[in-house]
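In: Need coordinates for the following:
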Amino acid sequence: MRTPPRFSDDVEPHHDRLSVPDDASVYVVGDVHGSREALERLLDELALAADDRVVFVGDLVRKGPDSPGVIDLVRGDDRLVSVRGNNEQKVVRGDEDPDWLREGDHDYFASLPVAISFDDALVVHGGVDPERPLAAHTLEELLTMRAPRGDGYDGPFWYDDYEGPHRVFFGHTVHAEPVVREHAVGLDTGCVYGGALTAYDYRGDRFVAVDPETTHEERSESKIVTPA
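Out: Numbers count the residues shown, from 1 in each chain. Below you'll find the predicted structure:
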């Protein structure tokens, strides 16, 4: 199923449809959170060819030691694209004004799409509500979706009941290991909290991960989900 997803009139301007050559690889990467060193090692591991693409699930920045370095890596390579995460959105809204923010970074965050799609895949930061069509979602919901009929990290989580039609790749909710469902793949494995930085090889159907060398921020075990 290669029909592009349909969004509301408010969200559609923030949706990018990615075209990738059939013989190229596509990787989707979890939340980086300013961990430039881990990202550099992951990109070395992926050994990208000229036509390959890497799609990030957002939250490139904050919490880790080198948000500007991550921004520069992603912006400096046309093969790398990202959706907007809730941490970029905090800067866009003016809720956060971090001391590392440089001229141009705010505009870059505002330019990031909230959704990227390709083939039958949809990349968003938070997720989708399985009981409503995409066209009924707001921009903020796509950024922050976690437990639409539950209670945050106590669940139940949206992906437990999601049955398509799109295969959704997401971050936002930290997991001890990747989430693997027929129609959902979760990639935030908490690299800034001492977990791995994880990529999914879309056409090779495999995970590629690098283990951290440093834990940049502590996190309660109650805020790290072990997938069923």
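
In: Centre-most residue in this structure?
Out: By Cα atoms, centre = their mean, the chain has its centre lying nearest to residue 57, at 1.2 Å.

In: Please determine how far that one is located from residue 143.
Out: Separation of residue 57 from residue 143 (Cβ to Cβ, to the nearest Å): 11 Å. Using the backbone N, CA and C atoms, a C-beta is placed for each residue, glycine as well.

In: if we can go back for a sec, how about the residue nearest to the centre of the chain: what's its closest non-neighbour residue?
Out: residue 171 (3.6 Å; Cβ to Cβ, 6 or more residues apart in numbering).

In: residues in contact with that neighbour?
Out: Counting by Cβ atoms under 8 Å, 6 or more residues apart in numbering, residue 171 touches 30-31, 57-59, 85, 125-126, 186-188.

In: Export these to CSV and append columns for secondary structure, pLDDT and distance to residue 217.
Out: As requested, the contacts of residue 171 are exported to CSV (DSSP: H, G, I helix; E, B strand; the rest coil; pLDDT from 0 to 100; distance: Cβ to Cβ, whole Å):
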residue, secondary structure, pLDDT, distance to residue 217
30, coil, 98, 15
31, coil, 98, 12
57, coil, 98, 18
58, coil, 98, 18
59, coil, 98, 13
85, coil, 98, 16
125, coil, 98, 19
126, coil, 98, 20
186, strand, 98, 20
187, coil, 98, 18
188, coil, 98, 14
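
In: That concludes my questions; thank you for your assistance.
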